[in-house]
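Peer 1: quick one: sequence plus predicted model below, questions after.
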Amino acid sequence: MQAIADNFRAVMKHTEVSGNPFFTGNSHPKLARLICNHLGIELSRCKVGKFSNQETSVSIEESVRDEDVYVVQSGCGDVNDNLMELLILINACKTASACRVTAVIPCFPYARQDKKDKSRAPISAKLVANMLSVAGADHIITLDLHASQIQGFFDIPVDNLYAEPAILKYITEQLVVGEDTKICIVSPDAGGAKRVTSIADRLNVDFALIHKERAKANEVARMVLVGDVKDKIAVLVDDMADTCGTLCIAAGKLKDAGALSIHAIVTHGVLSGNAVARLNASSLESIVVTNTIPVEEKMAQCPRLRQLDIARILAEAIRRTHNGESVSYLFSHVPL
């Protein structure tokens with residue numbers, strides 16, 4: 001297992017992004033600073049706030065003329081306000097004669113509204129894609145889109161990075177305690193089957209999935225386990241945890257099926273509503289989320305909640321994009 005972990009490491013090359021404007025809004029400034037630290041640059045100066053009538057106010061405080069500009073803003077928290085900040089930041093840079101504007105969106109907003117699954121339903125992810133393009137974005141960098149086809153909503157390049165290498169590294173280093181350790185990678189729904197089978201294949205372990213039927217949005221009616229987890233460490237893997245209802249019910253199913261211990265690894269930890277209370281009362285021993293969304297306050301309330309840093313992945317993607325190098329290398333490697 002240790003040999004597998006070694007295969008997913010790579011050394012980040014010397015950055016050459018220094019000097020290029022790098023802005024952030026109010027959604028996740030800590031992540032933006034971490035990315036800048038990995039790139040060896042400073043955040044550029046701008047003021048993002050609100051007027052007294054609650055309209056978004058943006059002021060770019062340094063020249064961006066003929067520059068490659070990067071704007072980091074995650075679709076979390078006050079999603080609509082943060083989306084408007086991103087759109088106005090992009091447009092402000094573009095109208096100030098920026099050569100190219102790259103929007104780095106670790107958690108893409110409205111990603112779950114990606115299809116017309118009932119009468120008169122909007123495809124809001126497509127609307128967001130149109131808004132970003134009209135605002136002036138020339139390139140999008142994001143992480144673990146809820147549905148890969150969202151890339152097709154854009155007429156500009158989209159790099160959809162994956163947290164899978166970081167997840168593999170975490171499992172092999174933190175959950176595998178010996179060669180005899182038996183692990184089963186579990187998808188909490190049928191939609192994540194491709195994700196868990198990829199991870200299970202690369203670890204050479206078993207996988208299972210849970211079929212769920214929803215009574216309505218954010219409410220699960222029934223769940224059925226497909227696969228064997230008896231006397232194994234069960235690892236639930238998903239792209240997003242919102243109210244955590246699915247994860248907690250799935251953990252209960254796995255416990256009833258005889259799993260030795262149950263862990264969850266999720267890319268985007270939205271953790272809305274009473275998600276923290278549910279996690280504290282669940283059968284999960286740990287839930288790991290990446291820092292695409294700030295969860296520090298919730299970590300203080302939930303000792304089972306842990307954070308996986310993906311700032312290096314985003315920083316290396318930015319460096320490679322800026323230098324015209326392939327980004328596909330990051331689909332199977334974790335930069336150091």
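Peer 2: Sure, I can see it.

Peer 1: for this protein, what helix or strand is lowest in average pLDDT?
Peer 2: strand 9-10 (a mean of 46; mean pLDDT, DSSP states H and E).

Peer 1: what pairs with whichever helix or strand comes after that strand, and is each one parallel or antiparallel?
Peer 2: Beyond strand 9-10 on the C-terminal side, the first helix or strand identified by DSSP states H and E is strand 22-24. Take DSSP bridges as the rule and strand 22-24 pairs in its sheet with strand 68-72 (parallel).

Peer 1: and the next helix or strand past the strand it pairs with?
Peer 2: helix 79-95.

Peer 1: what is the following helix or strand past that next one packed up against?
Peer 2: Under the assignment DSSP H and E, the closest C-terminal helix or strand after helix 79-95 is strand 100-105. Using 3 or more C-beta pairs under 8 Å, 6 or more residues apart in numbering; DSSP states H and E, the elements in contact with strand 100-105 are strand 68-72, helix 79-95, strand 139-143, helix 311-322. Every C-beta, even on glycine, is put in place using the N, C-alpha and C of the backbone.

Peer 1: out of the ones you listed, which is closest to V270?
Peer 2: When those are ranked by distance to V270, counting by C-beta to C-beta, first place goes to helix 79-95 at 9.8 Å.

Peer 1: so which elements touch that closest one?
Peer 2: strand 46-50, strand 56-60, strand 68-72, strand 100-105, helix 124-135.

Peer 1: go again using 7 Å as the cut-off
Peer 2: Of the remaining helices and strands, those touching helix 79-95 by 3 or more C-beta pairs under 7 Å, 6 or more residues apart in numbering; DSSP states H and E are strand 56-60, strand 68-72, strand 100-105, helix 124-135.

Peer 1: how much space separates the closest residue to D138 other than its chain neighbours from V205?
Peer 2: Across the structure, with C-beta to C-beta, 6 or more residues apart in numbering as the measure, the residue nearest D138 apart from its sequence neighbours is R100 (4.6 Å). The span separating R100 from V205 equals 43 Å under the rule C-beta to C-beta, to the nearest Å.

Peer 1: and for D144?
Peer 2: 21 Å.

Peer 1: kindly report the same for I167.
Peer 2: 13 Å.

Peer 1: which of these two has more neighbours?
Peer 2: Neighbours per residue, other C-beta atoms under 10 Å: of I167 and V205, the larger number sits with I167, 25 against 19.

Peer 1: OK, contacts around that one?
Peer 2: With contacts defined as C-beta atoms under 7 Å, 6 or more residues apart in numbering, the neighbours of I167 are I199, V237, I265.

Peer 1: for the record, mean pLDDT for the helix or strand containing it?
Peer 2: Using DSSP H and E, the secondary-structure element containing I167 is helix 164-170. When pLDDT is averaged along helix 164-170, the result is 95.

Peer 1: show me where the protein dips below the pLDDT cut-off.
Peer 2: Across the chain, residues meeting the criterion (pLDDT under 70) sit at 1-18, 177-178, 213-221, 336.

Peer 1: could you redo the last one with a cut-off of 50?
Peer 2: Counting by pLDDT under 50, the chain contains low-confidence ranges at 8-15.

Peer 1: fine, thanks again, bye for now.
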